[in-house]
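Colleague: The following comprises the amino acid sequence and a computationally predicted model.
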Amino acid sequence: MKASSFRWPDIGHAVIMADMPLPLSPRSATASASNKRPKAAEVVASELRRQIVTGRLKPGDQLQPEHVLRSEFEISRPTMREALRLLESESLITISRGKHGGARVSSVDLGAVARQVGVFLQLEGTTLADVWLARTLIEPPAAGLIAARPDPEILASLESNIDEARQAAKVDLIRYAELSAEFSMLITRHCGSNTIHLLSALISDIIRRQHEHVTEQTRERGSVDRLREESLRAREKAVELMRKGKVVEIEKFWRMHLEHMRDLVLAAYDGRATIDVLTKPVGKLRSIGKVRRQEQPVSTSPAAVKAGGRGALRA
């Protein structure tokens with residue numbers, strides 16, 4: 001980027017001279033507080049961020065040396081370093097030291113973002129019931145979008161996942177759990193909406209960990225085999241509904257399937273407990289082999305979700 005390609009926003013020279021604050025009169029101080037100007041480092045970080053998200057700077061590209069950037073932006077060394085630290089904190093760049101060091105554009109790590117979201121949800125006291133409520137709101141419309149425009153390649157990838165999961169259920173139950181979580185991710189990934197897939201991906205790690213924990217704790221229970229086969233048949237029916245273009249039917253069917261799976265999970269866990277994304281879930285699971293749905297579905301009202309959604313379950 002040449003110096004002539006960047007122009008400072010029309011916000012006054014005080015931005016460029018951020019390290020040299022000027023004395024303010026009471027009136028100007030009040031005006032400044034109500035109309036706060038961005039710091040020079042924030043303006044520089046914003047420009048570099050814009051170049052990254054628009055593709056002008058691509059993952060793997062190395063930013064120009066620090067002294068060149070300072071010259072182009074006409075800022076001091078501390079301000080330049082602060083701008084780079086802002087971008088590094090957002091995982092947009094990585095900074096290495098040494099003779100061949102410098103700042104390089106990073107690939108966005110969605111897994112890292114999902115882990116941060118998980119930590120935030122835990123800090124907010126989010127329950128597993130709340131996470132499952134989000135899942136039942138996200139996945140059915142995604143399945144409907146696939147059914148609206150059935151794609152043979154997408155359907156084949158879903159069928160391949162089911163086939164692999166059925167084999168894994170016989171020899172590697174942890175792999176079976178991974179594939180079960182992956183099936184849902186395939187639905188949102190191929191639904192045609194990046195936003196839906198992103199929302200699903202942000203809670204996928206929580207769902208995957210719960211799948212693996214339930215599987216690990218119940219691997220010796222023969223009664224659970226029937227539940228796994230039931231889940232596999234439900235996925236096969238879901239793919240068939242998508243293939244036939246049954247939009248309304250697949251949304252209703254997949255929502256009911258997820259609600260049933262939610263019931264099983266919340267019967268095995270304490271649905272009112274806050275999720276734990278930092279360690280493996282602890283504590284002995286309650287029996288899930290005998291859990292069944294009542295005729296009335298579990299309420300998804302805020303009060304029911306807060307209570308863990310366990311009122312309509314019985315073992």
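Modeller: Happy to help now that I have it.

Colleague: Would you map the strands across the stretch 1-150 of the chain?
Modeller: 93-96, 102-105 (DSSP state E, counting those that start in this stretch).

Colleague: Partner strands of the first one and their direction?
Modeller: Partner strands for strand 93-96, per DSSP bridges, with pairing direction: strand 102-105 (antiparallel).

Colleague: Just name the most buried of the strands of the stretch 1-150 of the chain.
Modeller: Of all those, strand 102-105 has the most neighbours on average by mean count of other C-beta atoms under 10 Å, namely a mean of 18. For every residue, glycine as well, the C-beta is placed using N, CA and C.

Colleague: Does the closest residue to Arg149 other than its chain neighbours belong to a helix, a strand or coil?
Modeller: Excluding its sequence neighbours, the residue lying closest to Arg149 (C-beta to C-beta, 6 or more residues apart in numbering) is Gly192, at 7.4 Å. When classified by DSSP: H, G, I helix; E, B strand; the rest coil, Gly192 comes out as coil.

Colleague: Pull up the gap between Gly192 and Leu145, please.
Modeller: 5 Å (C-beta to C-beta, to the nearest Å).

Colleague: Neighbour count: the two, which is higher?
Modeller: With neighbours defined as other C-beta atoms under 10 Å, Gly192 and Leu145 compare such that Leu145 has more, 20 against 15.

Colleague: Help me confirm that that one comes into contact with Thr195.
Modeller: No - if you go by C-beta atoms under 8 Å, Leu145 and Thr195 don't touch, sitting 11.6 Å apart.

Colleague: mind listing the strands for the stretch 151-300 of the chain?
Modeller: With strands called from DSSP E, counting those that start in this stretch, the stretch 151-300 of the chain shows them at 292-293.

Colleague: what's the neighbour count on Thr136?
Modeller: Counted with other C-beta under 10 Å, residues neighbouring Thr136 total 18.

Colleague: got it, and Leu199?
Modeller: 18.

Colleague: ok, back up a step: now mean pLDDT too, for the strands of the stretch 1-150 of the chain, in a markdown table please.
Modeller: Shown next, in a markdown table, are those (pLDDT from 0 to 100):
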| stretch | mean pLDDT |
| --- | --- |
| strand 93-96 | 90 |
| strand 102-105 | 92 |
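
Colleague: Is it possible to get a markdown table of these that adds distance to Gln210?
Modeller: Putting these into a markdown table (distance: least, C-beta to C-beta, whole Å) gives the following:
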| stretch | distance to Gln210 |
| --- | --- |
| strand 93-96 | 32 |
| strand 102-105 | 34 |
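
Colleague: Of all these, which one is nearest Glu74?
Modeller: Among these, strand 102-105 comes nearest to Glu74, with 18.5 Å by C-beta to C-beta.

Colleague: Going along the chain, name the helices of the stretch 101-250 of the chain.
Modeller: 110-123, 128-148, 152-171, 173-189, 194-217, 223-243, 247-268 (DSSP state H, counting those that start in this stretch).
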